[in-house]
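Asker: Give me a 3D structure for the following:
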Amino acid sequence: MNPVVKVEGRAIPFGRKNVDTDVIIPAHYLKTISRSGLGRGAFEVVRREPGNVFDDPRYVGAPVLIAGDNFGCGSSREHAAWALGDMGVQAVIAPSYSDIFSGNAVKNGIVPVVLPQDAVDRLMVVAAEGLPVTVDLESCTVTTPYQDRYSFTIDPFRRDCLMHGLDEIGLTMAQGDAISAYEAKVGAERGWV
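Answerer: The predicted structure follows:
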């Protein structure tokens, strides 16, 4: 996983509430174990709607998604985070998330920013104008060229994992010396192990 300290760029003004993981990536895409290519199936149902933001060329590859309350509800499919990442999304801003989606997002290098509804509404306006939005994990702020500045909180452990690019495997690998020392000690004390 790549470290994420700052995400800056256009934002997709989606804003819908109660978007479940089946809307983010439909079940028929769950046959793969590959993370690449899922972006083309992301929001498939929404993309059938005329004039949807996901097919608007202004937002292709936008690193920020602005969503509504309870984003990522439904099943626990990690493919939803994979699909967002494959689309280029590195941060999602919403009033609330499903706990499982939020955890999967962090484990896949996507920053889940929680802001009050009025801030999300303001960011929807900025995004619709095509102006960039900046999510800064060091200062835990979201800013715009209009001098909007919103503070957010994120679990310190999750923040540290994002900023250092550490998923579960990375966290384990970071303890490699301690693990090797323990195994050597156990091997010397209990050779039968």
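Asker: all contacts plus neighbour counts: C-alpha atoms, from now on.
Answerer: Noted.
Asker: Which strands and helices lie in contact with the worst-scoring helix or strand of the chain on mean pLDDT?
Answerer: Least confident helix or strand, the chain: helix 168-174 with a mean of 86, by mean pLDDT, DSSP states H and E. The helices and strands touching helix 168-174, judged by 3 or more C-alpha pairs under 8 Å, 6 or more residues apart in numbering; DSSP states H and E, number zero.
Asker: Could you list the residues in contact with that helix?
Answerer: Counting contacts by C-alpha atoms under 8 Å, 6 or more residues apart in numbering, the residues outside helix 168-174 that touch it are Lys107.
Asker: Likewise for stretch 49-62?
Answerer: Applying C-alpha under 8 Å, 6+ apart, the contact partners of stretch 49-62 are 9-14, 43, 46-47, 87-89, 130.
Asker: Sort out for me which of the residues you listed are in strands.
Answerer: The strands, defined by DSSP state E, take in Gly9, Ala11, Ile12, Pro13 from the contacts of stretch 49-62.
Asker: hang on, the last one packs against Asp121?
Answerer: No: applying C-alpha atoms under 8 Å, one finds Pro13 not in contact with Asp121, separated by 9.4 Å.
Asker: Please identify which of those two sits among more neighbours.
Answerer: Using other C-alpha atoms under 10 Å as the criterion, Pro13 and Asp121 rank with Pro13 on top: 25 against 19.
Asker: contacting residues around that one?
Answerer: Per C-alpha under 8 Å, 6+ apart, neighbours of Pro13: Val53, Leu65, Ile66, Ala67, Leu123, Met124, Val125, Ala127, Ala128.
Asker: And the fifth one, what's its pLDDT?
Answerer: Spelled out, that is Leu123. Listed pLDDT for Leu123 reads 98.
Asker: which residues does it contact?
Answerer: Neighbour list for Leu123: Pro13, Ile66, Val133 [criterion: C-alpha under 8 Å, 6+ apart].
Asker: Format those as CSV; extra columns: pLDDT.
Answerer: Listed next are the contacts of Leu123 as CSV, based on pLDDT from 0 to 100:
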residue, pLDDT
Pro13, 98
Ile66, 98
Val133, 98
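Asker: What separation do you get for the residue most central in space within the chain and Val89?
Answerer: Against the mean C-alpha coordinate of the chain, by C-alpha atoms, centre = their mean, the closest residue is Ile110 at 2.4 Å. Going from Ile110 to Val89 by C-alpha to C-alpha, to the nearest Å gives 7 Å.
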